[in-house]
Structures are given as structure tokens and as C-alpha cells.
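structural data only, the sequence is not supplied:
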């Protein structure tokens with residue numbers, strides 16, 4: 001089966017969530033600021049988030065966010081609905097749906113082979129993901145992920161570990177890339193080594209290996 005890695009990522013979706021927070025009004029809760037966690041581990045969102053969702057026709061997200069909080073249970077429920085949708089379209093989870101240390105899901109799907117070849121598999125898998133990634137899932141996943149990002153220090157350490165592993169595998173990584181530049185140009189010819197090295201590093205942060213392809 002062909003594996004694709006999907007995550008409405010800690011990094012891509014968070015930028016969208018940040019825009020929503022910037023343009024919406026309201027006051028933060030007394031015990032935590034917007035984008036942070038309250039005493040019960042829920043994400044604090046601006047009250048205007050629910051109104052924005054409602055104005056865009058996303059009534060489920062509006063209901064979830066109406067109390068100004070987003071809980072893990074709500075994030076989990078929306079995520080599992082997304083996964084069930086993709087599975088109904090032929091995708092299979094490539095690894096158990098378990099949140100990483102940062103309490104964010106990195107989701108991997110595998111799709112069965114097709115007689116038309118890899119291009120057809122890629123098109124079918126992308127179509128399934130696009131059909132199932134509803135506005136509710138995009139919004140809720142983004143807000144949750146923004147509040148559960150790895151720290152800059154964690155990302156630097158992960159990059160250093162990945163570079164060390166790739167060099168031990170025999171890949172030549174220039175100093176500019178080793179210092180934090182993109183690794184993708186230097187791993188294209190040995191993706192097997194990249195997979196072996198990025199797996200443990202990404203699992204330690206509960207992230208998708210796809211992120212490290214572009215670091």
C-alpha cells in the first residue's frame with residue numbers, strides 16, 4: 001500500500017489560527033490568555049471565534065467554541081470524525097491514532113495500489129483528504145495545534161539530532177543546512193535514510209516526519 005503522511009500541522013494550521021485570533025474580538029479569560037491553556041488543560045479562545053465560525057456557516061465549530069474553550073475531548077472527537085471519513089473513502093491508518101507528547105495527532109494514511117499507478121493513488125488519496133478535511137476540522141485542529149507547539153529549543157535539538165543521524169547514514173549535509181536550513185535537497189536521493197532518521201525524531205515530538213523534510 002502507498003503511504004501518505006497527513007497532518008493539518010502544528011506549523012501550517014497554526015498560522016491560520018493566528019490570523020483568526022488576530023482579527024476577532026473579545027476578552028481573554030481571567031485565568032489564562034488566548035492561545036494558552038487554562039487550569040483544566042483547555043485552550044482559551046477569543047469569544048469572537050464562535051461568532052466568526054457561525055458567520056462562515058460552520059455551526060459545529062461555533063457550538064464547540066461557544067464557551068470560549070476548546071478541550072482535548074472536543075479536538076479528539078473532530079479528529080476521529082475526519083479519520084473515519086477518510087477510512088470510508090479507502091484510506092487506512094498507517095499507525096495507531098495516538099496523540100504525541102504534545103497532545104497533537106500526526107496522522108498517516110495508507111491507500112491501496114491502483115492499476116493506473118502511483119499518480120492515480122496520489123490523486124485518490126488527496127481527493128479523500130480534501131473531501132474529509134471539513135472547515136470544522138481545519139478550524140478546531142488549527143486552534144488546538146497552535147496551543148501545543150514544540151518550543152524553539154525542542155525544534156533546534158530535533159534538527160541537530162536529525163542531521164547527526166543523516167550524516168551517520170553517509171549523507172553529506174552542508175553546514176548551512178545543518179545550522180537550520182532546509183534538508184530536503186540533500187535527502188532526495190536517499191529517502192530511506194531520511195525515513196529511518198526522521199521517524200524517531202518526529203515521534204519524540206509527536207509530529208509528522210513530513211515537517212522535517214522541509215526543515
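The structure has been received and is ready for your questions. Predicted, not measured: the structure shown is a model, and the values here were computed from it.

what domains does the record give for the protein?
If you go by automatic domain parsing, the domain ranges for the chain are 2-146, 152-213.

quick one: the ones you listed as JSON lines, columns for mean neighbour count and mean pLDDT too.
C-beta: built from backbone N, CA, C; applies to glycine. Shown next, in JSON lines, are the domains of the chain (neighbours: other CB atoms under 10 Å; pLDDT from 0 to 100):
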{"stretch": "domain 2-146", "mean neighbour count": "17", "mean pLDDT": "79"}
{"stretch": "domain 152-213", "mean neighbour count": "16", "mean pLDDT": "85"}
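
hang on, isn't residue 58 packed against residue 138?
No - using CB atoms under 8 Å, residue 58 makes no contact with residue 138, being 9.1 Å away.

which residues in the protein form helices?
Assigned by DSSP state H, the chain shows helices spanning 12-23, 48-55, 59-65, 72-88, 118-132, 135-146, 152-168, 175-178, 184-187, 191-205, 209-213.

same for the fourth one, what does it pack against?
Read that as helix 72-88. Judged by 3 or more CB pairs under 8 Å, 6 or more residues apart in numbering; DSSP states H and E, the packing partners of helix 72-88 are helix 59-65, strand 107-111, helix 118-132, helix 135-146.

residue 203: which of these is closest?
strand 107-111 (11.5 Å; CB to CB).
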